[in-house]
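>>> Below are the sequence and a predicted model; questions follow.
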Amino acid sequence: MTRYSAFAIAKQAMRHHMGWDRAWASPSPKSHYDVVIVGAGGHGLATAYWLGRKHGITNVAVIEKGWLGGGNTGRNTTIIRSNYLQDPSAALYEKSRSLFETMSQDLNYNVMFSPRGVLMLAQTEHEKRGYLRTAHANMLQGVETRWIGPQEVKRICPIMNIDGPRYPVLGGLWQERAGTARHDAVAWGYARACSDMGMDIIEQCEVTGVTRDGDKVTGLSTTRGEIGCGKLGIVVAGHSGRLAEMAGFRLPVESVPLQALVSEPIKPCMDIVVMANTVHGYMSQSDKGEMVIGGGTDSFNGYHQRGSFHHIEETVRALVETFPMISRLKMLRHWGGIVDMTGDRSPILSKTPVGNCFINCGWGTGGFKATPGSGWAFAELMAKGHSPLTAEFGMERFREGRFIDESVAAGVAH
Ligand SMILES: Cc1cc2nc3c(=O)[nH]c(=O)nc-3n(C[C@H](O)[C@H](O)[C@H](O)COP(=O)(O)OP(=O)(O)OC[C@H]3O[C@@H](n4cnc5c(N)ncnc54)[C@H](O)[C@@H]3O)c2cc1C
């Protein structure tokens, strides 16, 4: 595949841009692959990428029921950070954050990683104590992040009102090399690289059943026919419970809708990401000028991928005290995704009770930031049967009571 470069753009400009290759091929499924990944979101594609790039396994298919990146990968608010509390999480998310730093060069695809800094506000004494604890833990883990006081918060983000009557800003946890990336580009970049390695990305192909020989997976039934596989990776986020049921095991996850919205575009006014977890809202400004605003999950389980007005009202109302200027903005659009939540708010990267079948799920409201690291670690688990980064994230931890509790540290875990 032609490399993207300034020279290639100049050359194509002379030909009215008619000579570009398709970014990824659109093949029909073969009858058998060494590895099949279900779900062409960022995590599934990143897994396929690292299987090829690091482990030399390229007879791989990624099966997607819709269009690639059309699940949560294309619906999130793109926050990337790694200052989690527990050691296994910090290791995994920091690996991921560091991979984002070089992703555009690695994939030869501009994923617009913008390390603009992420600030998590403390607006209660309890929250302040929690973040100080995280800052100390991160120092021991080698994750760069620090506690800053209210005056520095105001300096970094002048549009903020730090003296709100109900929730004054007491300070914040500030990670300077955290930030955002263009979510679609992450999926497209991985897809292009996988296709270039000879892997098949098969869109519009829904998995409807999992075929087993005894306690081992042998293949899949899909809307485009039967596909055999040596190993199966299930990476379907909000649909994980359904795929697990097809394979014959149960997962400790719940699927709930999570929503976000954007305002009309305005001039640049905020060059960092702010998360206000007590009031439950977070905000950044996109390259187009829209204020990107995320809220909480629905309080009931569901599979609908759309927004709802009461949530928007709650989220915006919560943020207006700290950001009075947003009260004058009009909303442009809103949407939802289906996120898969575990009890300890940490992911599952695991072998399963079914032979040759692996599961990567439970990223809940915060898995975009983990995309490259998750793929890196899950590919290692699938190729070798173990990975240091996934060791603590097995699904047996729920039976053994070995939780990796991130629900307090992360609050809104984006
Ligand atoms: C509104 C919102 C805001 C968020 N904000 C952030 C944030 O700021 N930062 C952050 O880190 N995370 C955030 N997240 C979470 C993040 O988006 C997800 O954790 C992450 O994208 C999950 O990626 P994935 O590849 O596992 O899943 P997905 O991108 O959902 O991919 C799974 C794919 O599997 C496919 N699939 C499902 N069933 C089948 C089947 N039977 N056959 C074939 N294919 C199937 C789906 O169509 C889908 O494309 C947010 C999520 C939402 C919804």
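It's in.
>>> Low-confidence ranges, the chain, go.
408-414 (pLDDT under 70).
>>> quick check: domain ranges of it?
27-109+182-252+345-410, 118-179+255-342 (automatic domain parsing).
>>> okay, these, which one's buried deepest?
Comparing those by mean neighbour count (mean count of other C-beta atoms under 10 Å), domain 27-109+182-252+345-410 comes out on top with a mean of 21. All C-beta spots, glycine's among them, are computed from the backbone N, C-alpha and C.
>>> For residue 324, which residues are in contact?
Residues near residue 324 by C-beta atoms under 8 Å, 6 or more residues apart in numbering: residue 161.
>>> Return the backbone torsion pair for it.
Main-chain torsions, residue 324, degrees, to the nearest 10: phi -60, psi -30.
>>> again with residue 340
phi -110, psi 110.
>>> beta partners of it?
When bridges are called by DSSP bridges, residue 340 pairs up with residue 255.
>>> tell me which parts of the chain are close to the ligand?
38-44, 63-66, 70-73, 75-79, 206-207, 235-237, 239, 258-260, 294, 337, 339, 363, 365-369, 414 (C-beta under 6 Å from any ligand atom).
>>> Which members of those occur in strands, if any?
38, 63, 79, 207, 258, 259, 260, 294, 337, 339 (DSSP state E).
>>> of these, closest to residue 320?
residue 294 (15.2 Å; C-beta to C-beta).
>>> which one of the ones in strands among the residues of the chain next to the ligand is nearest the ligand?
Using C-beta to the nearest ligand atom, residue 337 comes nearest to the ligand of these, at 2.5 Å.
>>> Figure out the helix or strand that residue 8 lives in.
Secondary structure from DSSP states H and E places residue 8 in helix 6-14.
>>> elements contacting that helix?
Packed against helix 6-14, as judged by 3 or more C-beta pairs under 8 Å, 6 or more residues apart in numbering; DSSP states H and E, are no other helices or strands.
>>> all helices in the stretch 51-200 of the chain, in order from the N-terminus.
87-107, 125-141, 150-156, 183-196 (DSSP state H, counting those that start in this stretch).
>>> Tabulate those in a markdown table, adding columns for distance to residue 9.
Formatted as a markdown table, these follow (distance: least, C-beta to C-beta, whole Å):
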| stretch | distance to residue 9 |
| --- | --- |
| helix 87-107 | 15 |
| helix 125-141 | 40 |
| helix 150-156 | 36 |
| helix 183-196 | 16 |
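>>> for those helices, which one sits closest to residue 51?
With C-beta to C-beta as the measure, helix 183-196 is the member of the helices of the stretch 51-200 of the chain nearest residue 51 (8.9 Å).
>>> Kindly calculate the angle that the closest one makes with helix 87-107.
When axes from the mean of the first three to the mean of the last three C-alpha atoms, to 10 degrees is applied, the directions of helix 183-196 and helix 87-107 differ by 70 degrees.
>>> What lies in contact with the next helix or strand after helix 183-196?
Counting by DSSP H and E, the next helix or strand C-terminal to helix 183-196 is strand 200-202. Residues from elsewhere that reach strand 200-202 (C-beta under 8 Å, 6+ apart): 24-30, 33, 40, 45, 60-64, 68, 191, 194-195, 224.
>>> For the most centrally placed residue in the chain, which non-adjacent residue is closest in space?
The centroid of the chain falls nearest to residue 368 when counting by C-alpha atoms, centre = their mean (1.4 Å). Of all residues not flanking residue 368 in the chain, residue 76 sits nearest, at 4.4 Å (C-beta to C-beta, 6 or more residues apart in numbering).
>>> my read: the one you found touches residue 338, true?
No. Using C-beta atoms under 8 Å as the test, residue 76 is too far from residue 338 to be in contact (11.8 Å).
>>> which stretches of the stretch 201-350 of the chain form strands?
207-213, 216-222, 225-234, 253-263, 273-276, 281-285, 291-297, 331-342, 348-351 (DSSP state E, counting those that start in this stretch).
>>> and residue 129, which of the ones you listed is closest to it?
strand 273-276 (16.9 Å).
>>> hmm, back to that, of all the strands of the stretch 201-350 of the chain, which lies closest to residue 393?
Nearest of the strands of the stretch 201-350 of the chain (C-beta to C-beta): strand 348-351, 4.4 Å.
>>> Which secondary structure elements does that closest one sit against?
strand 357-361, helix 371-384.
>>> Serialize these to CSV and add fields for distance to residue 84.
Conversion of the helices and strands packed on strand 348-351 to CSV gives the following (distance: least, C-beta to C-beta, whole Å):
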stretch, distance to residue 84
strand 357-361, 18
helix 371-384, 12
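>>> Of all those, which one is nearest residue 264?
helix 371-384 (28.9 Å).
>>> Could you pull up the contacting residues of the nearest residue to residue 41 once chain neighbours are set aside?
In space, and not counting its chain neighbours, residue 41 is closest to residue 73: 4.1 Å by C-beta to C-beta, 6+ apart. Residues near residue 73 by C-beta under 8 Å, 6+ apart: 41, 42, 43, 183, 184, 186, 187, 368, 371.
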